[in-house]
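S.K.: Structure here, sequence nowhere to be found:
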């Protein structure tokens, strides 16, 4: 597996743990529909959260959340729409981004960007 794939996979696991500590119930990881994917589907309270995880090994090229384009967000919304069709009864939804930056000398930095809409 290439280095950037390892960083991404590690980041998704860390993001799930981070969210659980914040009171989220993780329902699915890497939920797929066609070629679209939702990194994490979680519930907190009455809201269903569709979460994109972005991870970088440093902040040299900017913050990870900056790499979520309108196109990528559109893919997330298409997958979420299909998820809701297959799992009816979720009245409250929210799109979030978990950004993780690995710094060699420090612990990973987490940033939760809530209620995103591009």
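M.R.: That came through fine. Not measured: the values here are computed from a predicted model.
S.K.: Could you use CA atoms for every contact and neighbour count after this?
M.R.: Fine.
S.K.: Contacts only, for residue 64.
M.R.: 54-56, 99-101 (Cα atoms under 8 Å, 6 or more residues apart in numbering).
S.K.: Show only the entries of those residues found in strands.
M.R.: Using DSSP state E, the subset of the contacts of residue 64 located in strands is 54-56, 99-101.
S.K.: now these as a markdown table including distance to residue 64?
M.R.: Below are the ones in strands among the contacts of residue 64 laid out as a markdown table (distance: Cα to Cα, whole Å):
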| residue | distance to residue 64 |
| --- | --- |
| 54 | 5 |
| 55 | 6 |
| 56 | 6 |
| 99 | 6 |
| 100 | 7 |
| 101 | 7 |
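S.K.: just those: which has the poorest pLDDT?
M.R.: Here the lowest pLDDT out of these sits on residue 56, with 87.
S.K.: From residue 113, how far out is it?
M.R.: 16 Å (Cα to Cα, to the nearest Å).
S.K.: neighbour count winner among these two?
M.R.: For residue 56 and residue 113, the more surrounded residue by other Cα atoms under 10 Å is residue 56, and the numbers stand at 21 against 14.
S.K.: Show me what the helix or strand harbouring residue 41 pairs with in its sheet, parallel or antiparallel.
M.R.: Assigned by DSSP states H and E, residue 41 falls within strand 36-44. Paired neighbours of strand 36-44 in the sheet (DSSP bridges): strand 25-33 (antiparallel), strand 47-56 (antiparallel).
S.K.: how far out from the middle of the chain is it?
M.R.: 7 Å (Cα atoms, centre = their mean, to the nearest Å).
S.K.: Of all the residues in it, which ones are buried?
M.R.: 36-43 (16 or more other Cα atoms under 10 Å).
S.K.: what bits of this protein have low per-residue confidence?
M.R.: Along the chain, segments meeting pLDDT under 70 span 1-8.
S.K.: tell me the contacts of the residue lying closest to residue 29 once chain neighbours are set aside?
M.R.: Leaving aside its sequence neighbours, residue 29 sits nearest to residue 40 (Cα to Cα, 6 or more residues apart in numbering; 4.6 Å). Residues in contact with residue 40 (Cα under 8 Å, 6+ apart) are 12, 16, 26-31, 49-53.
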